[in-house]
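Colleague: Please find the sequence and the predicted model below.
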Amino acid sequence: MSEHDLFPFAREWLSDMDVSLAGNLKKWAESELMEKRLELKEDYSGLLEPAMRKLFLDIGLQRLLWPDKYGGDGHNSPGAALTMTAALEQVARGDTSIALLLSGMWALQSCMAMEGKENAEACEAFAGLFGSKDELAVTSLVLPLFRDEPQAHAKLAKGAWAVEAKDARPIACGADAAVFGVYCSTGGADEVGLIALPGDAKGVKRGKPFLKTGLAADRNADVSFDKAKAPEGMCVAKGLEACRAALAWLYLGISASNVGALFASYEILKEWGDNRVIKGKGQIFKNNPLTASVMAEVAKEISLDRMLTYNLARVLAAPDVYGEAGEESTYVTACMVAHQVAQSAEKAIGNAMEMMASAGYATEWNLERYWRDTKTMQLCLGPYELAKMDYAHYFYQSQAR
Amino acid sequence: MKTIDDFTRPLENISPMDDPLGLIVRDWAEKYVIPYRRRFDEDYKDHKLIEPAFNKLMGELGMQRVLFPEDVGGWGFGRSDQLGTSMYRIMEEVARADSGMAVAYGVVYWPLLMIAVEPHVNYELCKEFAPIFCDTEEARFAANAMTEPQGGADIENMDILGGSTIQTTAVLDGDEWVINGHKLWPTNSGGVCNLFGVVCTTNPGSRNPDDFAFIFVPADTPGCTQGPPYQKAGMAADKNGDIWFENVRVPKSYRAHGPGLDAMYFKEMVTLGNMASTAFVGGALLNVWERLYEFVSAETYKGQPLKEHDAVAAVLADIARDIDVIRIVGYQSARMVDRPDIYGVRWSDEQVAKARLYKYWASDLGMDVTGKAMNLMSAYGADRDWDIEKHWRDLKIVQLWLGGKQLGQVEVARWFWDLETV
């Protein structure tokens, strides 16, 4: 039984194309990653980069949500939120870090290229990258570390932005990015914008890649922008609402990626539960009431996380019903779902590891990598305590910051 | 400015050696571990960075000698009434720097507890094995070869299974034991072990405690083979691997005590192993506090240090609370080890259950604390340079070992609720 049949969600929201794409990506994950990783572990050049090239370029996911007139496949409508969710679940099942890279790329694309709101100047400028069939569109988002405080500042003069930041910490890919999406303060207290900068722009300085907990396909490094220039039109999200729209899409991507990691964890735990014998008297692991109870909790978390994630996708897919992605109600929903799913994934995979004892933390069994990856991905959301200030504002009109 | 020494210890119960020993180990950690630990993960096979630190602590400073009687070159801790609290402090200080090193160091004593601790010192065996540890300035390792491929926690689950699942056999042939079996996962295997304590059965399938045998095997004995170390989520300093015993012959006298007694004192190892695990959690969390203190003081939000934000402060309060309470409970666990005259023998079901209780509670709390600390640090939480993610990976391993949480829950429930079948 596939996870499409096992873990419930509102499947009528998916198109035939979404289902077909998910099926193909499942095969990609198995053949390009899962069958090879016992030998190759988390090797970037031997395992992850070739798998990414196949996914981004040959299968063409970097073109999927990009407008057709700029070299993409033209699925650049809000409905793509559901396509993206179905795709990321399968990608993350194979490798969570590759799913995070796609999430960041699609979040940036969403504010450049959404149907009806296309930023022609930006689409033109990045058509060669996102429409490419041979260059990986590795995207690095430089977002606030603490709620809404930008790490970068941008000043507009003579039709161009000059972006400045020192040792900013991207959520991913600072070392490899072909394009940066930099969340900047742009003037007054609440004036912000998301500026797209080519990775090779003058004034972009990358630090040394640093070691981190997980997400091996993401080679991250601090980045400094020394008056890096971008044309005025490269501010692809202007104002708080537009920036929040990009974040809402990113949060959906992170949630879907967590669900995919949970699918993989479920499969690993299921194999353990089906085959492990305990108590020395022929009791199958899953048939012990205590372990069955914990395994049930894991399945519950996965089921609820998936339902929440598809509901968020539906909210973003239907702005006529729920409002635009950057509206406070939608943004707060996205933020709540992302944090909820991330915390739930941490708990569920942690519980699965507990069931497997030493095999839980042995790299050979692969479960521990999903645990490290999902925790690392959770940190892209920033501190939960500060995110709650946004919830409090929306629900109670709190002025707490 | 507060320091880790402001976290509570029951000062009236600690050993006079507590601070002198603790400060020696802290000084060692600052010089030989903390500057290098961020590269330990990649050193898991070769221990090029890790080995010099072990040599300093265990060989040169002599910490691998502490358990042995003084007249065979040791420090006599096994005959003191400060074994628990002194070891708790030492383990806490080592784990503050690296809990993988703490477990590797702590496990040197684990099999030796069977023979070097009152009231059951086996003086002849202490004398036999002391030179391995006491006559050198290089680190030497001992390991408890317990776990077998067919059932991880079954061997530790003595009350229910009574040793009936043990497949490693010991057959007496004249004046020698002949041992055959396959063990996996012991700390200090993976090629580094010098002396194994091997859990065997003299009668496969038997639940009779008389058939449970704990036999020492020097690692260079013919027929004893160690496989390479496994790769794990953390704890690179602790090497784990497979061990094969093929017709390994050792003198009859290498059995720790004999029928019935081996099984009884084996439970004492479970108590001490859990106590030490609580110390590993507590020590690592002291360092989490230090590193997080630095982070939330330096990083700003809305023009103020992050720690000055009311909602963040509440989380910081919870983190400090949990660390403080773990330390208090951990020292209580150690005190119970020190004073069997008050709390009962260390191998009693009560002591085993309570030590397991403290360990699985502290482990769960430790994971919660480190997870929250990482979360407060935003994208820096996963950065190796901030050390907290390392403690998070390492403490997960503490949470899962010794049969994991569920075996702990079962033993706690069995004792407190008089269960008969679980």
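Modeller: Yep, that arrived.

Colleague: is any part of stretch A:172-189 close to chain B?
Modeller: No: Stretch A:172-189 stays clear of chain B (CB under 8 Å from any CB of the partner chain), getting no nearer than 8.8 Å. (Glycine included, C-beta is placed from N, CA and C.)

Colleague: Quick one: the strands in the stretch 251-400 of chain A, in order.
Modeller: Along the stretch 251-400 of chain A, counting by DSSP state E, counting those that start in this stretch, strands occupy A:277-278, A:283-284.

Colleague: winner for burial among these?
Modeller: The highest mean neighbour count among those, using mean count of other CB atoms under 10 Å in any protein chain shown, belongs to strand A:277-278: a mean of 20.

Colleague: Kindly provide the whole-number mean pLDDT of it.
Modeller: Averaged over strand A:277-278, pLDDT sits at 82.

Colleague: tell me what that strand is packed against?
Modeller: Secondary-structure packing of strand A:277-278 (3 or more CB pairs under 8 Å, 6 or more residues apart in numbering or on different chains; DSSP states H and E): strand A:283-284.

Colleague: which residues are in contact with the strand it packs on?
Modeller: A:273, A:274, A:275, A:276, A:277, A:278 (CB atoms under 8 Å, 6 or more residues apart in numbering or on different chains).

Colleague: who touches the first one in this structure?
Modeller: To tie it back to what came earlier, the one meant is residue A:273. So residue A:273 contacts A:284, A:285, A:286, A:291, A:295, A:355 (CB under 8 Å, 6+ apart).

Colleague: Counting neighbours, what do you get for the second one?
Modeller: It stands for residue A:285. For residue A:285, the count of nearby residues is 19 (other CB atoms under 10 Å in any protein chain shown).

Colleague: Tell me who's in contact with it.
Modeller: A:272, A:273, A:274, A:275, A:276, A:277, A:278, A:291, A:355.

Colleague: Quick check: chain neighbours aside, which residue is closest to it?
Modeller: Spatial nearest neighbour of residue A:285, chain neighbours left out: residue A:276 (3.8 Å); criterion: CB to CB, 6 or more residues apart in numbering or on different chains.

Colleague: Am I right that residue B:186 is in a strand?
Modeller: Yes: counting by DSSP: H, G, I helix; E, B strand; the rest coil, residue B:186 is located in a strand.

Colleague: Can you tell me which of the contacts of residue A:285 lies closest to residue A:329?
Modeller: Lowest distance from residue A:329 to those (CB to CB) belongs to residue A:355, with 38.8 Å.

Colleague: Against residue A:292, how distant is the closest one?
Modeller: According to CB to CB, to the nearest Å, residue A:355 stands 10 Å off from residue A:292.

Colleague: Those two: which is more packed in?
Modeller: Neighbour tally, residue A:355 and residue A:292, criterion other CB under 10 Å: the higher count belongs to residue A:355, 24 against 13.

Colleague: mind listing what residue B:169 touches?
Modeller: Residue B:169 is in contact with B:179, B:180, B:181, B:200, B:201, B:202, B:204, counting by CB under 8 Å, 6+ apart.

Colleague: can you do 6 Å?
Modeller: With contact taken as CB atoms under 6 Å, 6 or more residues apart in numbering or on different chains, residue B:169 is in contact with residue B:180.

Colleague: same check, this time on residue A:290
Modeller: Residues in contact with residue A:290, defined by CB under 6 Å, 6+ apart, are residue B:406.

Colleague: can we see that at 10 Å?
Modeller: Listed by CB atoms under 10 Å, 6 or more residues apart in numbering or on different chains, the contact set of residue A:290 reads A:278, B:405, B:406, B:407, B:409, B:410, B:413, B:422.

Colleague: Would you quantify the distance from the second one to chain A?
Modeller: Put plainly, it is residue B:405. 5 Å (CB to the nearest CB, to the nearest Å).

Colleague: can you tell me the helix or strand for that residue?
Modeller: Assigned by DSSP states H and E, residue B:405 falls within helix B:404-416.

Colleague: can you give me the strands in the stretch 251-400 of chain B?
Modeller: Going by DSSP E, counting those that start in this stretch, the stretch 251-400 of chain B shows strands at B:300-301, B:304-305.

Colleague: neighbours around residue 188, how many?
Modeller: By default, I'm working from chain A. Other residues near residue A:188 come to 7 when the count uses other CB under 10 Å.

Colleague: nope, chain B please
Modeller: Applying other CB under 10 Å, I find that residue B:188 has 30 neighbouring residues.

Colleague: I figured it hits residue B:107, correct?
Modeller: Yes: between residue B:188 and residue B:107 there is a contact under CB atoms under 10 Å: 5.2 Å.

Colleague: overlap in contacts of those two?
Modeller: B:141, B:142, B:143, B:144, B:238.

Colleague: which one of those residues is nearest chain A?
Modeller: Distance to chain A across those (CB to the nearest CB) is lowest for residue B:238, with 11.0 Å.

Colleague: Provide a list of residue ranges in chain A with pLDDT below threshold.
Modeller: In the predicted model of chain A, residues A:1-4, A:280-281 satisfy pLDDT under 70.

Colleague: where's stretch B:140-154 relative to the chain centroid, distance-wise?
Modeller: Offset of stretch B:140-154 from its chain centre (CA atoms, centre = their mean, to the nearest Å): 13 Å.

Colleague: One more: stretch B:209-216?
Modeller: Computed by CA atoms, centre = their mean, the chain-centroid distance of stretch B:209-216 equals 22 Å.

Colleague: quick one: residue B:334 and chain A, what's the gap?
Modeller: 25 Å.

Colleague: Might you report the residue contacts of that residue?
Modeller: Residue B:334 sits in contact with B:10, B:13-15, B:82-89, B:91-92, B:272, B:275-276, B:278-279, B:355, B:358, where contact means CB under 10 Å, 6+ apart.

Colleague: please redo it, this time with the cut-off set to 7 Å
Modeller: For residue B:334, the contact set (CB atoms under 7 Å, 6 or more residues apart in numbering or on different chains) comprises B:84, B:85, B:88, B:275.

Colleague: I'd like to know how far it sits from residue B:278.
Modeller: Residue B:334 is 8 Å from residue B:278, by CB to CB.

Colleague: Taking the contacts of strand A:283-284, tell me the two that lie furthest apart.
Modeller: Top of the distance list for these (CB to CB): A:274 and A:278, 12.6 Å.

Colleague: Pretty sure residue B:89 sits in a helix.
Modeller: Yes: counting by three-state DSSP, residue B:89 is found in a helix.

Colleague: give me phi/psi at residue B:238?
Modeller: phi -100, psi 110 (degrees, to the nearest 10).

Colleague: wait, residue A:166 sits on residue A:225?
Modeller: No: using CB atoms under 7 Å, residue A:166 is not in contact with residue A:225, being 8.3 Å away.

Colleague: between the two, who's got more neighbours?
Modeller: More neighbours surround residue A:225 than the other of residue A:166 and residue A:225, with 27 against 12 (other CB under 10 Å).

Colleague: buried set for the helix or strand the more buried one falls within?
Modeller: Assigning secondary structure by DSSP H and E places residue A:225 in strand A:223-231. For strand A:223-231, burial by neighbour count (16 or more other CB atoms under 10 Å in any protein chain shown) applies to A:223, A:224, A:225, A:228, A:229, A:230.

Colleague: For the last one, give me its contacts.
Modeller: To tie it back to what came earlier, the one meant is residue A:230. Counted by CB under 7 Å, 6+ apart, residue A:230 has contacts A:160, A:161, A:163, A:195, A:196, A:197, A:201.

Colleague: Whichever strand or helix holds the third one and chain B, any residue contact?
Modeller: So the one you mean is residue A:163. Using DSSP H and E, residue A:163 maps to strand A:160-168. No: Strand A:160-168 does not reach chain B (CB under 7 Å from any CB of the partner chain); its nearest approach is 9.7 Å.

Colleague: Could I get the full set of helices for the chain?
Modeller: Since you didn't name a chain, this refers to chain A. If DSSP state H is used as the criterion, the helices of chain A fall at A:3-6, A:16-28, A:37-40, A:49-53, A:61-64, A:80-94, A:96-113, A:120-130, A:240-275, A:289-317, A:319-322, A:328-361, A:367-378, A:384-396.

Colleague: my bad, the chain I had in mind was chain B
Modeller: B:18-28, B:50-54, B:83-97, B:99-109, B:113-116, B:123-134, B:158-161, B:261-298, B:310-338, B:340-343, B:349-376, B:388-400, B:404-416.
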